[in-house]
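**Q** show me how the following folds:
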Amino acid sequence: YYICEEEERLITSLIEFFDPIIHNLRQEYPVMKQKLQFKVQRRCYINLRSINGAPELKLVTDEEKDEQYYSLEDGARDGIAEMKWLY
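**A** Just a heads-up that it's a prediction; the model follows:
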């Protein structure tokens, strides 16, 4: 199975700032394999950081669709007994 989440935003001004988003790769249950992908509109700056041993996000160019997106592939992660120590 997989989980897909899409969010589209309309541009209402020249500059827009967003709150930071933190996504934990490790969850309550072990993860066999997971893949995260997200697209950013052209001419947008995004600041990415992988911490605590997570793989780096890679910029992927799809020449067939003429678009770029960020991708992260991860797997074989143990579950976390207590989430409070993760933050």
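**Q** show me what contacts the residue positioned nearest the centre of the chain?
**A** Closest residue to the average C-alpha location of the chain: Leu36 at 5.2 Å, with C-alpha atoms, centre = their mean. Counting by C-beta atoms under 8 Å, 6 or more residues apart in numbering, Leu36 touches His23, Leu57, Ser71, Leu72, Asp74. Any C-beta I mention is one placed from the backbone N, CA and C, and that applies to glycine too.
**Q** by pLDDT, give me the weakest of those residues.
**A** The lowest pLDDT within the contacts of Leu36 belongs to His23, with 74.
**Q** what's in contact with the top strand by length along the chain?
**A** The residue-count maximum for a strand in the chain (DSSP state E) belongs to strand 67-77. Applying C-beta under 8 Å, 6+ apart, the set of residues contacting strand 67-77 from outside is 25-26, 30-40, 46, 48, 50, 54-62.
**Q** tell me what Lys39 is bridged to.
**A** Following DSSP bridges, Lys39 is listed with bridge partners Tyr69.
**Q** still on that earlier bit, please pick the buried ones from the contacts of Leu36.
**A** For the contacts of Leu36, a burial check counting by 16 or more other C-beta atoms under 10 Å picks out Leu57, Leu72, Asp74.
**Q** follow-up on the earlier one: okay, buried residues for the longest strand of the chain please.
**A** Neighbour counts over strand 67-77 (16+ other C-beta under 10 Å) mark Tyr70, Leu72, Asp74, Arg77 as buried.
**Q** pick out the most distant pair among the contacts of Leu36.
**A** Within those, two members stand farthest from each other by C-beta to C-beta: His23 and Ser71, at 13.4 Å.
**Q** residue contacts, the closest residue to Tyr29 other than its chain neighbours?
**A** Residue nearest to Tyr29 in three dimensions, not counting chain neighbours: Gly79, with 4.8 Å by C-beta to C-beta, 6 or more residues apart in numbering. Shown in contact with Gly79 (C-beta under 8 Å, 6+ apart): Arg26, Gln27, Glu28, Tyr29, Pro30, Val31.
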